[in-house]
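Colleague: how would this look folded up:
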Amino acid sequence: MIMKAEKPARGVLIKNDWGDAKQYKVVCECGQDDHNHDIFVEADESGVTVTVYTTSKTNWWSRTRWHHIWRLLTKGYIKYESNIIMDRQQAMNYATILQDAVEDVEEFRKAK
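Modeller: The predicted structure follows:
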């Protein structure tokens, strides 16, 4: 069965549209807000930027807090992870909206 992106898209919400930038919220199927992704698609002089904001968590169960603190002090970073669960339709919507947003912000930027 061939699936097509939906409009409006289930699981993907447009939050803002400034012409040369768009903001979306992609929700996780599990329903937890910390798994949602906020996505910004922006066009400027240097090109198109896609930024994904998530709530990341350390793999705290594998190490102690002191281990994480020590790693941050000695290496300068801590490993994080983030996940989102999507069904097939939501993944198709996500991909199509991302592609459409990139094209829209590029066109808007060129028109300026």
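
Colleague: Can you check which helix is longest in the chain?
Modeller: In the chain, ranked by residue count with DSSP state H as the criterion, the top helix is helix 88-111.

Colleague: farthest residue from the center of the chain?
Modeller: Residue farthest from the centre of the chain, counting by Cα atoms, centre = their mean, is Trp66 at 30.4 Å.

Colleague: which secondary structure element contains that residue?
Modeller: Using DSSP states H and E, Trp66 falls within helix 65-75.

Colleague: which helices and strands sit right next to the helix or strand following that helix?
Modeller: Note on helix 65-75: by DSSP H and E, the next helix or strand toward the C-terminus is strand 80-81. Under the contact criterion of 3 or more Cβ pairs under 8 Å, 6 or more residues apart in numbering; DSSP states H and E, strand 80-81 touches strand 57-58. C-betas here are computed from N, CA, C, even on glycine.

Colleague: try 6 Å this time
Modeller: The helices and strands touching strand 80-81, judged by 3 or more Cβ pairs under 6 Å, 6 or more residues apart in numbering; DSSP states H and E, number zero.

Colleague: Neighbours of Lys79, how many?
Modeller: Lys79 has 12 neighbours, counted by other Cβ atoms under 10 Å.

Colleague: Then Lys112?
Modeller: Using other Cβ under 10 Å, the number of residues around Lys112 comes to 7.

Colleague: so what's it up against?
Modeller: Lys112 sits next to no residue when contact means Cβ atoms under 6 Å, 6 or more residues apart in numbering.

Colleague: show me the contacts for the spatially most central residue of the chain.
Modeller: Using Cα atoms, centre = their mean, the residue of the chain that lies closest to the mean C-alpha position is Val52, 3.4 Å off. Val52 sits next to His37, Ile39 when contact means Cβ under 6 Å, 6+ apart.
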